[in-house]
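Visitor: With the sequence up front, the predicted model follows.
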Amino acid sequence: MSGPAWQPVLWQGGGPGQPVPSPMLAAHADRERAVDVLRAGFAEGRLQQDEYEKRVEQAYGSRTLGELARLVADLPQGPQPFGTPFAQQPYPGRAAGVPATFLPAPAATNSKATGALVCGVLCVFTGGITGVPAVVLGHMARGEIRRTGEQGDGFALAGLIMGWLSVAGWALLVLLMVAAFSGGQ
């Protein structure tokens, strides 16, 4: 045999000699993830020793994510449910042509935004006492979300709305009480 016994399959069209799907440069962490997938494939008996060694060598020499994707295209990217063929499994939210292994982790939800939402919801049960913390946390969270790109803007906004409604309710109650006491004298 003149070449390797395996021919990796591309995610998006293309064949041997055609451009790889993703020209994005690979980082060291991307190469390590690809090697981890290869290691798992070897441990599960999906790859022979010589094939595994060649692919690992190619992974460490890869410059783009497309080259890495080509190396692991014929291997599962994680645990597979029993009885479900790999090719039929959906991967919601995955960018076309990029395996889930190489996607960045989703952004975390801002904890102050969650706190604002909780305080806003608790306004109903506490008679509006948690309205001020909901407003403060909501404004702080929205500022942090704009700076850091975290998730949770909807939580912060909902907490702000409920908090301001609570504050407005208390202000209206105080105004009515002042009007009632001053109008009686």
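Guide: In hand now; what should we look at?

Visitor: which ones are touching the residue most central in space within the chain?
Guide: Nearest to the mean C-alpha position of the chain, counting by CA atoms, centre = their mean, stands Pro106 at 1.5 Å. By CB atoms under 8 Å, 6 or more residues apart in numbering, Pro106 lies in contact with Gln151. The C-beta positions use only the backbone N, C-alpha and C, and glycine is treated the same way.

Visitor: where does it land in three-state SS?
Guide: coil (DSSP: H, G, I helix; E, B strand; the rest coil).

Visitor: ok, it to Leu68 distance?
Guide: As judged by CB to CB, to the nearest Å, Pro106 and Leu68 stand 21 Å apart.

Visitor: likewise Val121?
Guide: Separation of Val121 from Leu68 (CB to CB): 45 Å.

Visitor: quick one, which of these two is more surrounded?
Guide: For Val121 versus Leu68, neighbours defined as other CB atoms under 10 Å are more numerous around Leu68 (27 against 15).

Visitor: Which of the helices or strands spans that one?
Guide: helix 65-72 (DSSP states H and E).

Visitor: And that helix, what does it pack against?
Guide: helix 28-43, helix 49-61 (3 or more CB pairs under 8 Å, 6 or more residues apart in numbering; DSSP states H and E).

Visitor: Which among the ones you listed is found nearest to Glu144?
Guide: Minimum separation from Glu144 across the helices and strands packed on helix 65-72 (CB to CB) falls at helix 28-43, 25.8 Å.

Visitor: Show me what that closest one is in contact with.
Guide: By CB under 8 Å, 6+ apart, the residues outside helix 28-43 that reach it are 47, 49, 52, 55-56, 59-60, 62, 65, 68, 71-72, 75-77, 101-102.

Visitor: In stretch 104-123, which residues are buried?
Guide: Thr109, Asn110, Lys112, Ala113, Thr114, Gly115, Ala116, Leu117, Cys119, Gly120, Leu122, Cys123 (16 or more other CB atoms under 10 Å).

Visitor: looking only at pLDDT, what's the mean for that stretch?
Guide: Average pLDDT, stretch 104-123: 90.
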